[in-house]
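K.L.:
mind looking at a prediction? Sequence and model below.
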2 protein chains.
Amino acid sequence: MFRSALKQIVTYEAGKPIELVVREYGIKPEDIIKLGSNENPYGTSAQVVESLQKNAHKAFLYPDDSMYELKNALASHFDVESKHIIIGAGSDQIIEFCMQALNHHNAQVLMAKTTFAMYEVYAKLAGVEISKTPSDEHILEEFFQLYQSEKERKHISAVFLCAPNNPLGECLDAAAIEQFIQAVDKDTLVIVDGAYQEFAAYKDKAKAINPKQLIERFSNVIYLGTFSKVYGLGGMRVGYGIASEHIISMLYKVRPPFNVTTLSLQAALIALKDQVFVSECIKNNAIEMARYEAFANEMGFTFIPSYGNFITFLHSHIESSHLCDWLLQNGLIVRNLRSYGLNAFRITIGRAEQNTRVFELIKAYLQIHN
Amino acid sequence: MFRSALKQIVTYEAGKPIELVVREYGIKPEDIIKLGSNENPYGTSAQVVESLQKNAHKAFLYPDDSMYELKNALASHFDVESKHIIIGAGSDQIIEFCMQALNHHNAQVLMAKTTFAMYEVYAKLAGVEISKTPSDEHILEEFFQLYQSEKERKHISAVFLCAPNNPLGECLDAAAIEQFIQAVDKDTLVIVDGAYQEFAAYKDKAKAINPKQLIERFSNVIYLGTFSKVYGLGGMRVGYGIASEHIISMLYKVRPPFNVTTLSLQAALIALKDQVFVSECIKNNAIEMARYEAFANEMGFTFIPSYGNFITFLHSHIESSHLCDWLLQNGLIVRNLRSYGLNAFRITIGRAEQNTRVFELIKAYLQIHN
């Protein structure tokens, strides 16, 4: 009855929710620190919460499927036009649209060895072959080489560039990304995933991608952004794609109607306006990131300098699965990267007091188990 | 760059939102009556609104992707097990999962001539051929005949039965549906869409489908339900499918993670508990439906006796597009069925005072234009 291709698909393992830790370990919700899903540890902006409360009674009304207001607000924010924007249930859904809409006949998609897991999931669902660069992190030369070598035998329908890269943290320079797009054929879609761009742009201007400039220069690029990270709306599922009018119109063909909820559209609209909240979160993230780097150096962890709101620790003497399980039993949720084939773990940069607790717990683990 | 199949796909035309009428006709939002999308005219239950307000601050947290609580609540409501349930962003998304997951090699899907537009949209996206019964309404004999004749040349991967049928309103008996499933091959998935079942079951017990009984008797059926209609959560996008463990596990393979928002899960959980609200809405719907039938008889409209929360009027002397445009300019949104190829229009059964206004407006139109 079902497609045989489904056999190859492994269900994506989401970060553990607080509810699960409550159920499985009997820990009180207020004693759990969740730093496993790169949510905004400062929560949702007070203005957004107020707006959600005021609009809760509209839950019975279908969303404005034209997404008129949010598209206009995003267009104004990025200095592009509404017709250059598509809104999805998280930027994940825009990735899904791309994979569904592209012509993958005799094609491959390219991505880094260790990058956002959903690229592979949606590529497999679309039945397209995947090729990965040899290194875990994004190395532009490897992308060039892979593109050239694979192009000889296959059409390359899409290339994923995650900048900054989740779950590792490194980030390609904006100029390097443009250099790459310049070099690929015009019928290859380059998907630039900027889910954590706000953090990267603050840390280093060379990483700051300008979507307007990108789509003015290239007809074969889509820039992805999200409200799930610095905008503090992970639970509301709102992301967006910015691209040429032609690309947007093709993606619209595979978009289900009402793909973003009424309250999510409202929340995103207010979140976009509250740039004071966004700035504070970004600044706090940088301050706390420095503490993680100092802690890693102190404890002998190797880490990847991160341009996001998370940091990945590697340690040759520790089994990351064992550490992550122990932390979980002690009420701290971090992301084990074993499922990515790495003996490493990723921690979302939390609030100051949460991070202090993280350091205490990891130290305690090392004292017990080393 | 894109699939050529996309050319055939016409973007779904959603019911017009209030915001659009405000923008296009300059009518104040409070003067607009929206009876075009079969939303619950009694709004969202007060308990749900309160719960949304209390939980608004959780918008930054990704949803519990196991949907543990809502799945358990639905399992208990329908007396099935959690493993028999999948939850989607509206029942639309479960339709999408079915179309994506099924093996459509050399296949067709069958449906009534005039039924929920998304069946065709998702079937086309999956690249599968569609065959429709000759009559607009669901006539079981036609489904039998179509199934037998098409089976000779093609595999039938799925059959859609919409009970009650949106946008027309007729409803197959539950026993007739079972009779049909009994007759089809075990590798044909029968998709029973019960989006309006709560209204039908109240009006006539013979229409009441028991999902538990259905999945106990048949391994090749999925029952779809939604929180968008009587549960008053159209804007929150929550629907569900009930089927055998095997079917659910296959659909899970194509489900994107976090496909339902944190607040939507919460809202649906509370909505399911507030059965007092649900009962009142159903009773009021029946009372107001009787007024529409009387009005239709009085004015010489032909109508299809409806088992949903809407009624479809046909009138040989009226051009439905002209009437619907005129009503729109006067602040009343109904659904023109021209896009379904019918000279007819569908009205959601509103609150008493809304319906009185509908009758006044239609009378005024007839006086001016007849």
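P.N.:
Done, it's in. Numbers count the residues shown, from 1 in each chain, chains lettered A, B, ... in the order given.
K.L.:
burial of A:G26, as a residue count?
P.N.:
Summarising burial for A:G26: neighbours were counted as other C-beta atoms under 10 Å in any protein chain shown, giving 7. Bear in mind the C-beta positions are built from the backbone N, C-alpha and C, glycine included.
K.L.:
quick one: end-to-end distance for stretch A:31-51.
P.N.:
For stretch A:31-51, the first and last residues are 28 Å from each other (C-alpha to C-alpha, to the nearest Å).
K.L.:
same question for stretch A:321-340.
P.N.:
Using C-alpha to C-alpha, the end-to-end distance of stretch A:321-340 comes out at 12 Å.
K.L.:
now what about that stretch, what contacts it?
P.N.:
Taking contacts as C-beta atoms under 8 Å, 6 or more residues apart in numbering or on different chains, the residues outside stretch A:321-340 that touch it are A:13, A:15-16, A:18, A:21, A:25, A:27, A:31-37, A:114, A:117, A:167, A:312, A:320, A:343-348, A:357-358, A:361-362, A:364-365, A:369.
K.L.:
give me the subset of those touching chain B.
P.N.:
A:15, A:18, A:34, A:37 (C-beta under 8 Å from any C-beta of the partner chain).
K.L.:
spatially, what comes nearest to the third one if we skip its sequence neighbours?
P.N.:
Right, A:K34. Spatial nearest neighbour of A:K34, chain neighbours left out: A:I333 (4.6 Å); criterion: C-beta to C-beta, 6 or more residues apart in numbering or on different chains.
K.L.:
is any residue of stretch A:41-60 near chain B?
P.N.:
Yes: Stretch A:41-60 comes into contact with chain B when judged by C-beta under 8 Å from any C-beta, the residues involved being A:43-44, A:48-49, A:52-53, A:56-60.
K.L.:
buried residues, stretch A:203-222. List them.
P.N.:
Taking 16 or more other C-beta atoms under 10 Å in any protein chain shown as the neighbour-count basis, stretch A:203-222 is seen to contain the buried residues A:203, A:207-209, A:211-212, A:214-215, A:218-222.
K.L.:
cool, and stretch A:155-171?
P.N.:
Counting neighbours by 16+ other C-beta under 10 Å, one finds that the buried residues in stretch A:155-171 are A:155-171.
K.L.:
that stretch - what's its average pLDDT?
P.N.:
Per-residue pLDDT values over stretch A:155-171 give a mean of 98.
K.L.:
now swap in stretch A:16-28 and tell me
P.N.:
Taken as a whole, stretch A:16-28 carries a mean pLDDT of 86.
K.L.:
in which helix or strand does the spatially most central residue of chain A reside?
P.N.:
Computing the C-alpha centroid of chain A and ranking residues by C-alpha atoms, centre = their mean puts A:A195 first, at 4.5 Å. Under the criterion DSSP states H and E, no helix or strand holds A:A195.
K.L.:
all helices of the stretch 201-350 of chain A, in order?
P.N.:
Remark: helices of the stretch 201-350 of chain A, listed N- to C-terminal, are A:211-217, A:245-253, A:262-273, A:275-299, A:320-329; assignment by DSSP state H, counting those that start in this stretch.
K.L.:
could you look over the ones you listed and pick the most buried one?
P.N.:
Neighbour counts averaged per stretch over the helices of the stretch 201-350 of chain A are highest for helix A:262-273, at a mean of 24; criterion: mean count of other C-beta atoms under 10 Å in any protein chain shown.
K.L.:
still on that earlier bit, Throw the helices of the stretch 201-350 of chain A into JSON lines and include mean pLDDT and distance to A:G235, thanks.
P.N.:
Conversion of the helices of the stretch 201-350 of chain A to JSON lines gives the following (pLDDT from 0 to 100; distance: least, C-beta to C-beta, whole Å):
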{"stretch": "helix A:211-217", "mean pLDDT": "98", "distance to A:G235": "25"}
{"stretch": "helix A:245-253", "mean pLDDT": "96", "distance to A:G235": "24"}
{"stretch": "helix A:262-273", "mean pLDDT": "98", "distance to A:G235": "9"}
{"stretch": "helix A:275-299", "mean pLDDT": "97", "distance to A:G235": "16"}
{"stretch": "helix A:320-329", "mean pLDDT": "95", "distance to A:G235": "21"}
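K.L.:
how about the buried residues of stretch A:203-222, which pair is most distant?
P.N.:
Across these, no pair lies farther apart than A:K203 and A:S219, at 30.1 Å, counting by C-beta to C-beta.
K.L.:
neighbours around A:N103, how many?
P.N.:
Residues lying near A:N103 (other C-beta under 10 Å) number 16.
K.L.:
repeat for A:G235
P.N.:
Quick note: A:G235 (other C-beta under 10 Å) scores 26 neighbours.
K.L.:
contacts only, for it.
P.N.:
Shown in contact with A:G235 (C-beta under 8 Å, 6+ apart): B:58-63, B:261-263.
K.L.:
which ones among those also lie next to chain A?
P.N.:
With C-beta under 8 Å from any C-beta as the criterion, the subset of the contacts of A:G235 in contact with chain A comprises B:58-63, B:261-263.
K.L.:
got the contact list for the one helix or strand A:V49 maps to?
P.N.:
Assessed by DSSP H and E, A:V49 sits inside helix A:46-55. By C-beta under 8 Å, 6+ apart, the list of residues contacting helix A:46-55 from outside reads A:44, A:232-233, A:262-263, A:266-267, A:270-271, A:273-274, A:277, B:52-53, B:56-57, B:59, B:263.
K.L.:
one more time with 10 Å, if that's ok
P.N.:
Contact with helix A:46-55 is made by A:43-45, A:61, A:227, A:231-233, A:236, A:262-274, A:276-277, B:49-50, B:52-60, B:235, B:263, as judged by C-beta atoms under 10 Å, 6 or more residues apart in numbering or on different chains.
K.L.:
do stretch A:144-157 as well
P.N.:
Residues beyond stretch A:144-157 that count as contacts (C-beta under 10 Å, 6+ apart) turn out to be A:98-99, A:102-112, A:123, A:126, A:128-129, A:131-134, A:139, A:159, A:179-180, A:183-185, A:187-190, B:1-2.
K.L.:
same thing but 6 Å
P.N.:
Counting by C-beta atoms under 6 Å, 6 or more residues apart in numbering or on different chains, the neighbours of stretch A:144-157 from elsewhere in the structure are A:102, A:104, A:106-110, A:131, A:133, A:188.
K.L.:
quick one, phi psi at the residue of the stretch 101-250 of chain A found nearest chain B?
P.N.:
For the stretch 101-250 of chain A and chain B, the shortest gap (C-beta to the nearest C-beta) falls at A:G235, measuring 3.0 Å. When read as degrees, to the nearest 10, the backbone of A:G235 gives phi -80, psi -10.
K.L.:
again, but for A:A176
P.N.:
Geometry field for A:A176 lists phi and psi as phi -70, psi -40, criterion degrees, to the nearest 10.
K.L.:
quick one: it from A:E150, how far?
P.N.:
Shown here: A:A176 relative to A:E150, a distance of 20 Å by C-beta to C-beta, to the nearest Å.
K.L.:
can you map out the strands along the stretch 1-150 of chain A?
P.N.:
A:33-34, A:85-88, A:107-111, A:129-132 (DSSP state E, counting those that start in this stretch).
K.L.:
now the ones you listed in CSV, with mean neighbour count and mean pLDDT?
P.N.:
CSV is the format used below for the strands of the stretch 1-150 of chain A (neighbours: other C-beta atoms under 10 Å in any protein chain shown; pLDDT from 0 to 100):
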stretch, mean neighbour count, mean pLDDT
strand A:33-34, 22, 96
strand A:85-88, 24, 98
strand A:107-111, 24, 97
strand A:129-132, 15, 97
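K.L.:
now A:G169: closest residue in space that isn't a chain neighbour?
P.N.:
A:S306 is the one closest to A:G169 (C-beta to C-beta, 6+ apart), at 3.0 Å.
K.L.:
run a quick neighbour tally on that neighbour.
P.N.:
28.
K.L.:
distance between the ends of stretch A:157-169?
P.N.:
End-to-end distance of stretch A:157-169: 26 Å, with C-alpha to C-alpha as the criterion.
K.L.:
may I see the buried residues of stretch A:108-126?
P.N.:
With burial defined by 16+ other C-beta under 10 Å, the residues of stretch A:108-126 counted as buried are A:108-126.
K.L.:
pull the residues that contact stretch A:183-195.
P.N.:
Counting contacts by C-beta under 6 Å, 6+ apart, the residues outside stretch A:183-195 that touch it are A:91, A:98, A:156, A:158-162, A:181, A:209, A:220-226, A:229, B:1.
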